[in-house]
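[1] prediction below, plus the sequence it came from.
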Amino acid sequence: MNPSRQTNARHPDSSGSRLNDLLHPHVLAAFDRAIFERDGYWVWEGILTDAGRRQWTASLQNLQAMNDSIVAGSDWLQVDFAGRGLTAPDPAKVTPDALEAYLGGSEQMQFQTPGLRDYMYDHGLFDASLATQTLASQGIAWQGMMPEYFPLAYDDFILDIATSHPQMMELFGRILGPRFLIDHVLMLNRIPGSSGRRWHGHPYRQGQHETEDPAQGGRVASPEFLPRQCVRTLCFPEGMSEHDGGGEFSVVAGAHLYRTPYLWDTRRTEYDEQFEAGWMRDKNHPVTGEPLRIKRLELPPGSMVSFVHHMPHHAGHRDMDAETRWGLLMAYRTPDPTERSSQSSTQASSHWNEGTPAHWAQRMEDAGTLTAAMRRVFEADAAVA
Ligand SMILES: O=C(O)CCC(=O)C(=O)O
Ligand SMILES: [Fe+2]
């Protein structure tokens, strides 16, 4: 069977396999929209049920194992990169020893050349030199892209929580409003020694509507919560804190109202001291008037945090003797009201929004496994809801 025609997904909402009691309803109900808009983030402390937490961790571990199989088992130098307009990896970066060092966690695949990740996402990479048989022997079809970057395609539980599960859709609806589109969903499994990410923020879509300079930025603050928003939700099924192995996550309440996609397209090198002495200096919370302050979060197991992704944020170093910190990033955005062109376009890819791997969505659609719920998060901005 041509792997490009296979999908892994069954109907999560009709198979009876859904974990109904995923979230604690009282944690979901305690959400306060006014505080979220004012501070730019909301902690869902201990929101996962025990069963939800177990499944979430198991899914991330399985997905990591799949990613590892493909990384370590593939004959990367035999892949036809040139035929696809891509640069082949440096041979020194794909020796068996080198590949071993990329396993176990996210952001480790240092052999990737520019354009490879996007190519896989946009077109799918199907090549006999990839270790797809290893997955096939476990009943898993290779989807042309790494599980780390699009875990939905490889795990029914993750597909369900990211597109369909009523409690998760309620959570996303509370932070984004009635209609939201997928921006990206990927794994952030931090291995011991992971260096995390220095202070940075992100733009809405490709930055075409941004008005603040990504490096200086933050000159004008508005207390208004604008309609164009992308909100990230990080789920840490086993928790996350500085005192629990590091890799801890920090935010700055109110900083999202300066709407600076801080250093999103350049190198990020700033730890707290430099960030406080630089961008943060002399800035106040636009609503409360208090000086901006770094908030280092400490989240118990089964917690999530949602934050407006214009807010600068930071992930610390993971201790060398810590265990892996399991994490899933789920980023969704409001539709762009000015994105109208797709309605008149005849290209197949225009059915889908830019966060959706079109080749995968099309296979799902052709196989009849794309449900109405899924379509809602994958369809184009201008689609009629
Ligand atoms: O927790 C992490 O690994 C950092 C997450 C992050 O920077 C992000 O979600 O944008
Ligand atoms: Fe980030």
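    Looks like it came in fine. The structure displayed is predicted, hence computed values, not measured ones. Ligands and ions are numbered 1, 2, ... in the order given.

[2] now do the strands in the stretch 51-200 of the chain.
    Taking DSSP state E, counting those that start in this stretch to define them, one finds strands in the stretch 51-200 of the chain at 181-187, 197-200.

[3] so which of these is nearest ligand 1?
    If you check each of these against ligand 1 by CB to the nearest ligand atom, strand 197-200 wins as the nearest, at 4.5 Å. All C-beta atoms are positioned from the backbone trio N, CA, C, and that covers glycine.

[4] contacts for the closest one, please.
    The contact list for strand 197-200 (CB atoms under 8 Å, 6 or more residues apart in numbering) reads 262-264, 268-272, 274-275, 279, 312-315.

[5] could you do stretch 300-309 as well?
    If you take CB under 8 Å, 6+ apart as the criterion, stretch 300-309 is touched by 36, 40-50, 52-53, 171, 175, 201-202, 229-240, 249, 251, 256, 297, 299, 313, 331.

[6] stretch 107-116 now?
    71, 76, 81, 85-90, 93-94, 98-99, 101-102, 125, 146, 148, 188, 191, 194.

[7] the closest residue to ligand 1 within the chain bridge partners, please.
    Nearest to ligand 1, among the residues of the chain, is Ala315, at 3.4 Å (CB to the nearest ligand atom). For Ala315, the beta-bridge partners are Arg197, Phe249 (DSSP bridges).

[8] quick one: low-confidence ranges for this protein?
    Scanning the chain for pLDDT under 70 picks out 1-16, 341-349, 384-385.

[9] just the CA trace of the longest helix seen in it, in PDB.
    The helix that spans the most residues within the chain, counting by DSSP state H, is helix 50-73. C-alpha atoms of helix 50-73 as PDB (Å, rounded to 0.1, in the frame of the first residue of the first chain):
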ATOM      1  CA  ASP A  50      -5.700  11.000  36.800                       C
ATOM      2  CA  ALA A  51      -6.700   9.100  33.800                       C
ATOM      3  CA  GLY A  52      -6.200  12.100  31.500                       C
ATOM      4  CA  ARG A  53      -2.700  12.600  32.900                       C
ATOM      5  CA  ARG A  54      -1.800   9.000  32.500                       C
ATOM      6  CA  GLN A  55      -3.000   8.900  28.900                       C
ATOM      7  CA  TRP A  56      -1.400  12.200  28.100                       C
ATOM      8  CA  THR A  57       2.000  11.100  29.300                       C
ATOM      9  CA  ALA A  58       1.700   7.700  27.600                       C
ATOM     10  CA  SER A  59       0.900   9.400  24.300                       C
ATOM     11  CA  LEU A  60       3.800  11.800  24.500                       C
ATOM     12  CA  GLN A  61       6.100   8.900  25.300                       C
ATOM     13  CA  ASN A  62       4.800   6.700  22.500                       C
ATOM     14  CA  LEU A  63       5.100   9.600  20.000                       C
ATOM     15  CA  GLN A  64       8.600  10.300  21.200                       C
ATOM     16  CA  ALA A  65       9.500   6.600  20.600                       C
ATOM     17  CA  MET A  66       8.100   6.900  17.000                       C
ATOM     18  CA  ASN A  67      10.100  10.000  16.400                       C
ATOM     19  CA  ASP A  68      13.200   8.300  17.700                       C
ATOM     20  CA  SER A  69      12.600   5.200  15.400                       C
ATOM     21  CA  ILE A  70      12.500   7.400  12.300                       C
ATOM     22  CA  VAL A  71      15.500   9.500  13.300                       C
ATOM     23  CA  ALA A  72      17.800   6.500  14.300                       C
ATOM     24  CA  GLY A  73      16.500   4.000  11.800                       C
END
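
[10] ok, and which of the contacts of stretch 300-309 reach ligand 1?
    Restricting these to those adjacent to ligand 1 (criterion: CB under 6 Å from any ligand atom) gives Arg232, Leu234, Phe249, His313.

[11] partner strands of the helix or strand where the first one lies, parallel or antiparallel?
    Here Arg232, judged by DSSP states H and E, is contained in strand 230-236. Within its sheet, and counting by DSSP bridges, strand 230-236 is paired with strand 303-308 (antiparallel), strand 328-333 (antiparallel).

[12] restricting to C-alpha, output the last one in PDB.
    Once side chains and other backbone atoms are set aside, the C-alpha atoms of strand 328-333 remain, and they are given as PDB (Å, rounded to 0.1, in the frame of the first residue of the first chain):
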ATOM      1  CA  LEU A 328       2.600  19.400  24.400                       C
ATOM      2  CA  LEU A 329       2.200  22.800  22.900                       C
ATOM      3  CA  MET A 330      -1.200  23.600  21.400                       C
ATOM      4  CA  ALA A 331      -1.400  26.900  19.600                       C
ATOM      5  CA  TYR A 332      -4.600  28.100  18.100                       C
ATOM      6  CA  ARG A 333      -5.600  31.500  16.700                       C
END
